[in-house]
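Q: Need a 3D model of the sequence below.
(one chain, ligands or ions: 2)
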Amino acid sequence: MDISIQKSKLKNHQSVQITGSKSESNRLLLLKALYPQINIENVSNSDDSVLMQKALVSKESLIDIHHAGTAMRFLTAYFSIQDGREVTITGSKRMKERPIKILVDALKTLGADIEYLENDGFPPLKIIGKKLITNKVTLEANVSSQYISALLLIASKLENGLELTLAGNITSVPYIKMTLSLLDSIGIETDFRGNIITVNPLSTSIKEKNLVVESDWSSASYFYSSVALSDVGTEITIGSYKEESLQGDSVLASIYKSFGVTTVYKNQAITLLKTDFIDSKSIIELDLKNAPDIAQTIAVTAFGLGIECYMVGLHTLKIKETDRLVALKIELEKLGANVSITDATLHLKSSDKIISDVEIATYNDHRMAMAFAPLGLKTDIKIKNADVVSKSYPQFWEDFTAIGFSLK
Ligand SMILES: O=C(O)C1=C[C@@H](OP(=O)(O)O)[C@@H](O)[C@H](O)C1
Ligand SMILES: C=C(OP(=O)(O)O)C(=O)O
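A: Ligands and ions are numbered 1, 2, ... in the order given. As a prediction, the model looks like this:
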């Protein structure tokens, strides 16, 4: 399905309810499989969380996780400790190109039985579940924090707990902290000091516990971008959010001040207000190593406002749903932008024109579709294969219609 957006204007004072964070949901779903006493509210309805849920209850020996990277990594750890069970876990063509060696090596050091079925270092994997006795492992921490979270999520079920040493620069730290906070919230003791994380094996049983997932901040980014690209005075309310978030992407509230957007927290919702006009001579400089999923949104907002943007800390973007740095450069340049990239940075020069009626390719990447959609406030634009959004945000197009986007 392709979607054409006709140049639109936001309706003022609209409000939208977004479902639970995909990251928090996928962690809690795995923890619930280990500790059924946990009840989860506001679980994400994303494809990735639905796939995670299905995989955790499946009795099949073949699990296909499609594009869901977090689920692939978390389930690899989960099935490694399902004593006596044999599972093959596979995914989409792209999933078979997303590296998993660092996690598999760490699990093997702990005693896991995992075999590569096609290419070394990549899914699909055959896993024979075992009791894991070893409790010390060192892992390279600058490639993906998902490997670290995967180990932490199963750590309290290991015979002797886990002492994890993180080597090198640690990337996407807020996601690691989110994992530790959620473990803490169900009574699992953890400690993160310097570059060592320890998780104790659980000595007592976990009490019955209700946990409410905060709505997804990465999904909120598309509303921030839409407000930033609108006239001063525009406001939109989205829920349910809190000022003290476990999600690193909540840094949006401070980043978007530079785009003239003020965030007001009230009654578990945030109101985004376009308060300041942004001069085209502004420059946005950011290090996004802690919030990689909002890089595409920010690049497109800067382009829509015609301002220069320089982002570093983007080294994880190459191994996501697509190579997001290359995809951003190609698609922004179709619109008339001037973009240069390296393996970890993106530099967008300021520009004063946007080419109309461009078709944006989405590369099976939900965030490509959603990040470019707000440009419909500036020009007519077509988003190819627009249904990719369901990976994280199935009702995205309905919500965008509700706030004023005119779609065909
Ligand atoms: O743990 C998580 O829930 C995630 C961690 C991040 O991955 P990296 O650590 O690979 O950057 C992020 O990009 C992804 O969307 C979700
Ligand atoms: C990178 C993402 O997801 P995953 O790695 O879980 O596929 C994302 O949602 O942007």
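Q: Tell me which residue is most central in the chain.
A: By C-alpha atoms, centre = their mean, the mean C-alpha position of the chain lies nearest to Asp293, the distance being 5.3 Å.
Q: quick check, that residue in a helix?
A: Yes. Assessed with DSSP: H, G, I helix; E, B strand; the rest coil, Asp293 lies in a helix.
Q: Who are the contact partners of the residue of the chain found nearest ligand 2?
A: Of the residues in the chain, the one nearest ligand 2 is Gly69, at a distance of 2.7 Å by C-beta to the nearest ligand atom. Just so you know, the C-beta spots here come from the backbone N, C-alpha and C atoms, and that holds for glycine as well. The contact partners of Gly69, taken as C-beta atoms under 8 Å, 6 or more residues apart in numbering, are Met95, Arg98, Gln146, Lys320, Glu321.
Q: Asn210 now?
A: Residues in contact with Asn210 (C-beta under 8 Å, 6+ apart) are Asn39, Glu41.
Q: Name the SS class of it, please.
A: Per three-state DSSP, the local secondary structure of Asn210 is strand.
Q: cool, and Asn39?
A: Following three-state DSSP, we place Asn39 in the strand state.
Q: quick revisit: near ligand 2, which of the contacts of Gly69 show up?
A: Counting by C-beta under 6 Å from any ligand atom, Lys320, Glu321 from those sit close to ligand 2.
Q: so which of the contacts of Gly69 is the most crowded?
A: Gln146 (27 neighbours; other C-beta atoms under 10 Å).
Q: where does the stretch 1-150 of the chain come near ligand 1, residue by residue?
A: Counting by C-beta under 6 Å from any ligand atom, the stretch 1-150 of the chain sits next to ligand 1 at Ser23, Thr70, Ser144, Ser145, Gln146, Ser149.
Q: ok, now with 8 Å
A: 22-23, 26-27, 69-70, 73, 143-146, 148-149 (C-beta under 8 Å from any ligand atom).
Q: Return the set of residues that bridge with Val16.
A: Ile238 (DSSP bridges).
Q: Measure how buried it is and give me the count.
A: Using other C-beta under 10 Å, Val16 has 19 neighbouring residues.
Q: In contact with it, which residues?
A: Per C-beta under 8 Å, 6+ apart, neighbours of Val16: Phe223, Ile236, Thr237, Ile238, Gly239, Asp399, Ala402, Ile403.
Q: coming back round to it: could you list which residues are in contact with the residue nearest to the centre of the chain?
A: Residues in contact with Asp293 (C-beta under 8 Å, 6+ apart) are Ser218, Ser221, Asp249, Arg367.
Q: Of all the residues in the host helix or strand of the second one, which ones are buried?
A: It stands for Ser221. Ser221 belongs to helix 217-228 when assigned by DSSP states H and E. By neighbour count on 16 or more other C-beta atoms under 10 Å, the buried set for helix 217-228 is Trp217, Ser218, Ser219, Ala220, Ser221, Tyr222, Phe223, Tyr224, Ser225, Ser226, Val227, Ala228.
Q: Next: stretch 250-257.
A: Ser250, Val251, Leu252, Ala253, Ile255, Tyr256.
Q: Check the first one and give its pLDDT.
A: When you say that, I think you mean Ser250. Note on Ser250: pLDDT of 98.
Q: Leaving out chain neighbours, which residue sits closest to it?
A: Nearest non-adjacent residue to Ser250, counting by C-beta to C-beta, 6 or more residues apart in numbering: Trp217, 4.9 Å away.
Q: can you check the fourth one too?
A: Using C-beta to C-beta, 6+ apart and skipping the chain neighbours, the partner closest in space to Ala253 is Thr263 (4.0 Å).
Q: The residue nearest to Glu41 when sequence neighbours are not counted: neighbour count?
A: With C-beta to C-beta, 6+ apart as the criterion, Glu41 has its nearest non-adjacent residue at 4.5 Å, and that residue is Val212. Val212 has 13 neighbours, counted by other C-beta under 10 Å.
Q: same deal with Phe277?
A: The local packing of Phe277 (other C-beta under 10 Å) involves 9 other residues.
Q: Repeat that for Leu34.
A: Leu34 has 18 nearby residues by other C-beta under 10 Å.
Q: can you pull the contacts of Gly161?
A: Listed by C-beta under 8 Å, 6+ apart, the contact set of Gly161 reads Asn135, Ala155, Thr198, Val199, Asn200, Pro201.
Q: quick one on the thing from earlier: report all helices and strands that the helix holding Ser221 contacts.
A: strand 235-239, helix 252-255, strand 261-266, strand 269-274, helix 295-305, helix 366-372, helix 396-402 (3 or more C-beta pairs under 8 Å, 6 or more residues apart in numbering; DSSP states H and E).
Q: If we use 7 Å, what do you get?
A: In terms of contacts (3 or more C-beta pairs under 7 Å, 6 or more residues apart in numbering; DSSP states H and E), helix 217-228 is packed against strand 235-239, helix 252-255, strand 261-266, strand 269-274, helix 295-305.
Q: hmm, back to that, and which of the buried residues of stretch 250-257 is nearest to Val232?
A: The nearest member of those to Val232, counting by C-beta to C-beta, is Tyr256 at 14.0 Å.
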